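Enquirer: okay, predicted coordinates and the sequence, questions at the end:
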Amino acid sequence: MSFFTHLGTYLLMLKGMFTKPENWRMYWKEFMHQCVEIGIGALPIVMIISLFLGAVTTVQTAYQLVSPLVPASTIAQIVRDSMILELSPTVVSIVLAGVVGSKIASELGNMRISEQIDALEIMGINTKSYLVLPKILASLLVIPCLIIISAVIGIWGGRTAGSMSGIIATDIFDNGLRQNLNTYNITVALYKSYTYGFILSSIPAYFGYNVKGGSLEIGRASTSAVVVSCIMILFADYALAALLL
């Protein structure tokens, strides 16, 4: 399939999601289930990655700022802005593309191969709306929350690493955190998080929903979903940085 064929099928899938639900209660139940699966399921790996991202950023920033003219509190400012603007939104979303994206693609792919999607359509259920839409909406709700948690834990991890290694005292680090805080950076991070949340849920859903063949194709679809999601996240990262910063 060519790029334009994939793009057209993807857009038609998104268009087909927006119909009146057959049963609001079932849709709400599926939406809450996806929130738990995506949000709570990915929380441990997000916390671990963010903790070490903040710690490594502190150590490497201190290693590069060797000039005595640069105050130590600058380390905290760099860690804060790096976590908020780039590391938490982009790096964490790339990891989530592997964790969440492969899960969504394999789940829908397995339902397609085992003809569960066909059975639902015979029953008169819009499978695009029932199976895909809750996943995308859940991602748009929980991914920004995970990225906010990631930024907080990353900054705390940098503060702890700086204190434990003797690089920077906690009171100096705290002073640096409060200096020159640009709240627009937080807005940019939220724009990124919503964009990435849509990408890492809709693209794997497309690949999983349109699987053809046997069980071997499920693995290929999951791999393709993760690769394309990561590429699109990096492309969106550049585009949003050029537009917003």
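Expert: Thanks, I have the structure now.
Enquirer: middle-most residue in the chain, spatially?
Expert: With distances taken as C-alpha atoms, centre = their mean, the residue of the chain nearest its centroid is residue 93 (3.1 Å).
Enquirer: secondary structure class of it, three-state.
Expert: Reducing the assignment at residue 93 to three states with DSSP: H, G, I helix; E, B strand; the rest coil gives helix.
Enquirer: which helix runs longest in this structure?
Expert: helix 133-164 (DSSP state H).
Enquirer: just how off-centre is stretch 52-66 within its chain?
Expert: Centroid separation for stretch 52-66 versus its chain: 24 Å, with C-alpha atoms, centre = their mean, to the nearest Å.
Enquirer: I meant to write stretch 51-66 there.
Expert: Between the mean C-alpha position of stretch 51-66 and that of its chain there is a distance of 23 Å (C-alpha atoms, centre = their mean).
Enquirer: in it, which residues are buried?
Expert: Under the neighbour-count criterion of 16 or more other C-beta atoms under 10 Å, stretch 51-66 has 51, 53, 54, 55, 56, 57, 58, 61, 62, 65 buried. In short, each C-beta sits where N, CA and C put it, glycine included.
Enquirer: pLDDT, distance to residue 164 and secondary structure added to those, as JSON lines?
Expert: Putting the buried residues of stretch 51-66 into JSON lines (pLDDT from 0 to 100; distance: C-beta to C-beta, whole Å; DSSP: H, G, I helix; E, B strand; the rest coil) gives the following:
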{"residue": "51", "pLDDT": "93", "distance to residue 164": "12", "secondary structure": "helix"}
{"residue": "53", "pLDDT": "92", "distance to residue 164": "16", "secondary structure": "helix"}
{"residue": "54", "pLDDT": "92", "distance to residue 164": "12", "secondary structure": "helix"}
{"residue": "55", "pLDDT": "92", "distance to residue 164": "9", "secondary structure": "helix"}
{"residue": "56", "pLDDT": "93", "distance to residue 164": "13", "secondary structure": "helix"}
{"residue": "57", "pLDDT": "91", "distance to residue 164": "15", "secondary structure": "helix"}
{"residue": "58", "pLDDT": "91", "distance to residue 164": "10", "secondary structure": "helix"}
{"residue": "61", "pLDDT": "88", "distance to residue 164": "15", "secondary structure": "helix"}
{"residue": "62", "pLDDT": "86", "distance to residue 164": "13", "secondary structure": "helix"}
{"residue": "65", "pLDDT": "79", "distance to residue 164": "18", "secondary structure": "coil"}
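Enquirer: which pLDDT value goes with residue 206?
Expert: Reading off the per-residue confidence, residue 206 sits at a pLDDT of 92.
Enquirer: what of residue 211?
Expert: Residue 211 carries a pLDDT value of 89.
Enquirer: which strand or helix spans it?
Expert: Taking DSSP states H and E as the criterion, no element holds residue 211; it sits outside all helices and strands.
Enquirer: now residue 181
Expert: In the assignment (DSSP H and E), residue 181 maps to no helix and no strand.
Enquirer: read off the pLDDT value for the spatially closest residue to it that is not a sequence neighbour.
Expert: Closest residue to residue 181 in three dimensions, ignoring its sequence neighbours and counting by C-beta to C-beta, 6 or more residues apart in numbering: residue 80, at 7.5 Å. On the pLDDT scale, residue 80 is placed at 92.
Enquirer: next up, the contacts around residue 80.
Expert: By C-beta atoms under 8 Å, 6 or more residues apart in numbering, the contact set of residue 80 is 155, 176, 177, 181.
Enquirer: what's the closest of those to residue 217?
Expert: Taking C-beta to C-beta as the measure, residue 217 sits nearest to residue 155 out of those, at 42.6 Å.
Enquirer: now do the helix or strand hosting residue 102, average pLDDT.
Expert: Per DSSP H and E: residue 102 is located in helix 102-113. Per-residue pLDDT values over helix 102-113 give a mean of 90.
Enquirer: now do it against helix 133-164, angle only.
Expert: Helix 102-113 and helix 133-164 meet at an angle of 160 degrees, taking axes from the mean of the first three to the mean of the last three C-alpha atoms, to 10 degrees as the criterion.
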